[in-house]
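# Here is a sequence together with a model predicted from it:
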Amino acid sequence: MRIRAITALFFVIVMVASMLLGRYIFAGFFILLSAYCLGEFYRIIGDDSSRPNRLLGLLLGLLGFGLFTGYRLVGFDAHYLLLLVPLIAATFIIPLYQKHEKPFGGIAHTLLGVVYVVLPFIAFFSLGFVTGTYDYRLPLGFMLILWGNDTGAYLMGKFFGRNRLFERISPNKTWEGFVGGVLLALVTALVLAHYFTILVSWQWVGMALVVSLFGTFGDLVESMLKRSQQVKDSGAVLPGHGGLLDRFDGLLFAAPAVLVFLELVY
């Protein structure tokens, strides 16, 4: 428990610092983070029946995120994104020269990794630019709400959990935990509304509800992935916590949903 707490504290400090130290640190940190999570996804999904092209997938993810970052930070022409086309084509062409019985499984999983992991991180990165210029308050607020949701769900589920939320996929999750997560997310949102006036109270509350709902689905989907591949954790880089993908599973669904929500209401 002590190691878990120390790891969590260090993790939170690094995350918060990456957002407070400016847009370039923010961009670089999350590009690398998305690449690491993508690598974990490929490690989980890869087996004898389906072998994703890890190198090509990582190149596609890094280049895509990097070009989008350049577009946001220094005004790259959006046409530079066309550089992704040869890599996408290569995903289909390279298996022609490899001897796999089911090549399209590997092709699908290579591209799925970019969609499932990298695009949500790009959506999270985009939260910092909803106002038109970089503002750390929205991505930081998002993470605080997400952490509040996770903490509330864990504590309420541990002490009061009785009714299983989705027993087939994640036996430890309960409806009581889900409610606890929503409540603490809402409390966090109301506190943020007082200090981060970039959004009004109802917008922060709406954001908290979106994070709680889609963050829970993100968690369940990653549990489904690990269960289907008979894997306990996505990795072991965080002592006591597993892999990075385990820590960002809620973000993968919540960040795109929140971005859509803010684009509609801001």
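Nice, I can see it.
# For the rest of this, base every contact and every neighbour count on C-alpha atoms.
OK.
# Can I get stretch 78-86 as PDB, trimmed to CA atoms?
Written as PDB, here are the backbone C-alpha positions of stretch 78-86 (Å, rounded to 0.1, in the frame of the first residue of the first chain):
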ATOM      1  CA  ALA A  78      -3.200  20.900 -42.100                       C
ATOM      2  CA  HIS A  79      -2.100  19.400 -45.400                       C
ATOM      3  CA  TYR A  80       0.900  18.000 -43.600                       C
ATOM      4  CA  LEU A  81      -1.400  15.400 -42.200                       C
ATOM      5  CA  LEU A  82      -1.400  13.800 -45.700                       C
ATOM      6  CA  LEU A  83       2.000  12.500 -44.700                       C
ATOM      7  CA  LEU A  84       0.100   9.800 -42.700                       C
ATOM      8  CA  VAL A  85      -1.400   8.400 -45.900                       C
ATOM      9  CA  PRO A  86       1.800   6.400 -47.000                       C
END
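# where along the chain do the helices fall?
For the chain, the helices defined by DSSP state H cover 2-20, 23-45, 54-73, 84-93, 103-113, 119-127, 137-160, 175-195, 201-228, 244-247, 249-265.
# Just the CA trace of the first one, in CSV.
Which is helix 2-20. Extracted C-alpha coordinates of helix 2-20, given in CSV (Å, rounded to 0.1, in the frame of the first residue of the first chain):
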residue,chain,number,x,y,z
ARG,A,2,2.9,2.4,0.8
ILE,A,3,4.5,1.8,-2.6
ARG,A,4,1.2,2.3,-4.3
ALA,A,5,0.7,5.6,-2.5
ILE,A,6,4.2,6.9,-3.3
THR,A,7,3.8,5.9,-6.9
ALA,A,8,0.4,7.6,-7.2
LEU,A,9,1.8,10.8,-5.6
PHE,A,10,4.8,10.9,-8.0
PHE,A,11,2.5,10.2,-10.9
VAL,A,12,0.2,13.0,-10.0
ILE,A,13,3.1,15.5,-9.5
VAL,A,14,4.5,14.7,-12.9
MET,A,15,1.2,14.9,-14.6
VAL,A,16,0.3,18.3,-13.1
ALA,A,17,3.7,19.6,-13.8
SER,A,18,3.5,18.7,-17.5
MET,A,19,0.4,20.9,-17.8
LEU,A,20,1.7,23.8,-15.8
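# before we move on, back to that, of the helices of the chain, flag the one that's most buried.
Mean neighbour count (mean count of other CA atoms under 10 Å) peaks for helix 119-127 among the helices of the chain, with a mean of 23.
# residues making contact with the worst-scoring helix or strand of the chain on mean pLDDT?
Lowest by mean pLDDT, DSSP states H and E among the helices and strands of the chain is helix 2-20, with a mean of 86. Here helix 2-20 makes contact (CA atoms under 8 Å, 6 or more residues apart in numbering) with 25-26, 29, 136, 139-140, 238-241.
# same thing with stretch 22-32?
The contact list for stretch 22-32 (CA under 8 Å, 6+ apart) reads 18-20, 62, 65-66, 69, 73, 121, 125, 134, 136.
# Just the CA trace of it, in PDB.
What follows is stretch 22-32, C-alpha atoms only, in PDB (Å, rounded to 0.1, in the frame of the first residue of the first chain):
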ATOM      1  CA  GLY A  22       3.700  25.300 -20.800                       C
ATOM      2  CA  ARG A  23       2.300  24.100 -24.000                       C
ATOM      3  CA  TYR A  24       5.600  22.600 -25.400                       C
ATOM      4  CA  ILE A  25       6.200  20.400 -22.300                       C
ATOM      5  CA  PHE A  26       2.500  19.500 -22.300                       C
ATOM      6  CA  ALA A  27       2.700  18.400 -25.900                       C
ATOM      7  CA  GLY A  28       6.000  16.500 -25.600                       C
ATOM      8  CA  PHE A  29       5.000  14.700 -22.500                       C
ATOM      9  CA  PHE A  30       1.700  13.500 -23.800                       C
ATOM     10  CA  ILE A  31       3.100  12.500 -27.200                       C
ATOM     11  CA  LEU A  32       5.500  10.200 -25.400                       C
END
